[in-house]
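turn this into a model:
(one chain, ligands or ions: 1)
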Amino acid sequence: MLKSLAALGLRYISNAKLPHGQQLSNVTKICFSPLPEVSKWLVPVQVQYIENGKTKMCDIFKVHDSVSIVLYNISRQKLLFVRQFRPAVYYGLIINNFRELPKEDIDLMQYPYELGMTLESCAGMVDKDKSLAEIAREEIFEECGYDVPVEKLEHVFEYRSGVGTSSSAHNVYYCEVCDEEKVSDGGGIDTEIIQVMELSIDEAKNFVKKGTKINSGPATIAGTLWFFANKI
Ligand SMILES: Nc1ncnc2c1ncn2[C@@H]1O[C@H](COP(=O)(O)OP(=O)(O)O[C@H]2O[C@H](CO)[C@@H](O)[C@H](O)[C@H]2O)[C@@H](O)[C@H]1O
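Residues are numbered from 1 along each chain as shown. Okay, here's the model as predicted:
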């Protein structure tokens with residue numbers, strides 16, 4: 001397994017390094033199938049347009065807007081990240097090894113689920129009729145176990161994610177937390193299995209240094225770089 005991760009140039013974050021008291025992710029079956037005609041999460045659309053007299057089209061899909069939060073624990077001077085299994089990352093990393101969508105379960109010895117484990121900023125989708133800052137505050141509570149007032153959230157920037165295919169709005173926040181605000185282990189709600197990871201400043205710098213290859217999305221990279229440019 002470590003070999004296949006290394007072959008992809010990805011860093012393996014061992015379960016052994018996880019804090020106590022958190023449920024660990026252990027994926028035991030993975031299979032792929034075509035998207036159902038109606039999905040609650042993705043709505044495909046074709047955009048047709050004429051540009052400089054030429055008819056063009058673009059196949060896209062609508063996804064929920066989202067927020068993420070760069071979290072810094074000032075009591076221990078640690079940046080907080082969340083570790084979780086991301087099916088889309090796993091699929092994206094292995095699918096080029098198949099000529100067509102595999103019909104059988106994926107061989108987890110050959111393609112270990114750990115390939116799809118990511119280290120990301122705490123994040124959530126905008127699926128409630130609440131302010132973006134309030135949704136971010138709730139994600140901090142649910143995923144990382146810190147209860148902070150919404151006023152502590154500092155808006156950093158908004159960008160469009162997936163500009164070629166989906167273009168949803170992503171808003172990045174920054175929030176300093178302290179040990180006194182930690183009220184639970186976090187770990188997510190419902191069926192989510194999320195582990196909170198604390199990185200020292202040096203470890204987090206390593207995470208975004210030149211040449212690094214990680215499987216997190218742009219919000220994590222941009223937010224962490226913003227932190228180093230503005231807060232340290
Ligand atoms: N496509 C899908 N299929 C099935 N179930 C789904 C789904 N999308 C979401 N869900 C369900 O919704 C739950 C809640 O998701 P969250 O609000 O925690 O967003 P998440 O952190 O996964 O991604 C947030 O953060 C990442 C990283 O910034 C953004 O890419 C993302 O758009 C944003 O929602 C998931 O646990 C899952 O059960």
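
show me where the protein has strands.
43-51, 54-62, 66-73, 78-85, 117-120, 122-125, 154-161, 168-177, 195-200 (DSSP state E).

chain center to the last one, what's the gap?
The one in question is strand 195-200. Relative to its parent chain, strand 195-200 has a centroid offset of 14 Å by C-alpha atoms, centre = their mean, to the nearest Å.

so which bits of that strand are buried?
Buried residues in strand 195-200, counted by 16 or more other C-beta atoms under 10 Å: 195, 196, 197, 198, 199. Every residue, glycine included, has its C-beta placed from N, CA and C.

ok, now how distant is the third one from residue 84?
Using C-beta to C-beta, to the nearest Å, one obtains 10 Å as the distance from residue 197 to residue 84.

quick one on the thing from earlier: highest mean neighbour count out of the strands of the chain?
Among the strands of the chain, strand 66-73 has the highest mean neighbour count (mean count of other C-beta atoms under 10 Å), at a mean of 24.

what's it packed up against?
strand 78-85, strand 122-125, helix 132-139, strand 168-177, helix 218-230 (3 or more C-beta pairs under 8 Å, 6 or more residues apart in numbering; DSSP states H and E).

can you put these in CSV and add distance to residue 151 and mean pLDDT?
Formatted as CSV, those follow (distance: least, C-beta to C-beta, whole Å; pLDDT from 0 to 100):
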stretch, distance to residue 151, mean pLDDT
strand 78-85, 19, 97
strand 122-125, 18, 97
helix 132-139, 9, 98
strand 168-177, 10, 98
helix 218-230, 19, 96
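
so which of those is nearest residue 50?
Distance to residue 50, taken as C-beta to C-beta, is lowest for strand 168-177 among the helices and strands packed on strand 66-73, at 25.4 Å.

next one: that closest one to chain centre, how far?
A distance of 12 Å separates the centroid of the chain from that of strand 168-177, by C-alpha atoms, centre = their mean.

swap in stretch 120-132?
So, by C-alpha atoms, centre = their mean, the centroid of stretch 120-132 is 12 Å from its chain's centroid.

do stretch 130-142 as well
On C-alpha atoms, centre = their mean, the centre of stretch 130-142 falls 16 Å from that of its chain.

find me the pLDDT at the most far-flung residue of the chain relative to its centre, would you?
Most distant from the centre of the chain: residue 53, at 40.0 Å, with distances by C-alpha atoms, centre = their mean. Residue 53 is assigned 98 on the pLDDT scale.

same check, this time on residue 208
With respect to pLDDT, residue 208 scores 88.

and it, its phi and psi?
Backbone torsions of residue 208, given as degrees, to the nearest 10, read phi -120, psi 20.

that one is in contact with residue 224, isn't it?
Yes - counting by C-beta atoms under 8 Å, residue 224 is a contact partner of residue 208 at 5.0 Å.

okay, these two: which has more neighbours?
residue 224 (20 against 17; other C-beta atoms under 10 Å).

quick one: that one from residue 155, how far?
Distance from residue 224 to residue 155, by C-beta to C-beta: 17 Å.

ok, residue 35 next?
34 Å.

and for residue 33?
Residue 33 is 39 Å from residue 155, where distance means C-beta to C-beta.

for this structure, which residues are neighbours of the ligand?
41, 64, 66, 68, 120, 123, 124, 125, 192, 217, 219 (C-beta under 6 Å from any ligand atom).

so who does residue 61 touch?
By C-beta atoms under 8 Å, 6 or more residues apart in numbering, residue 61 lies in contact with 42, 43, 44, 45, 165, 166.

can you pull the pLDDT of the first one?
The predicted local distance difference test score for residue 42 is 93.
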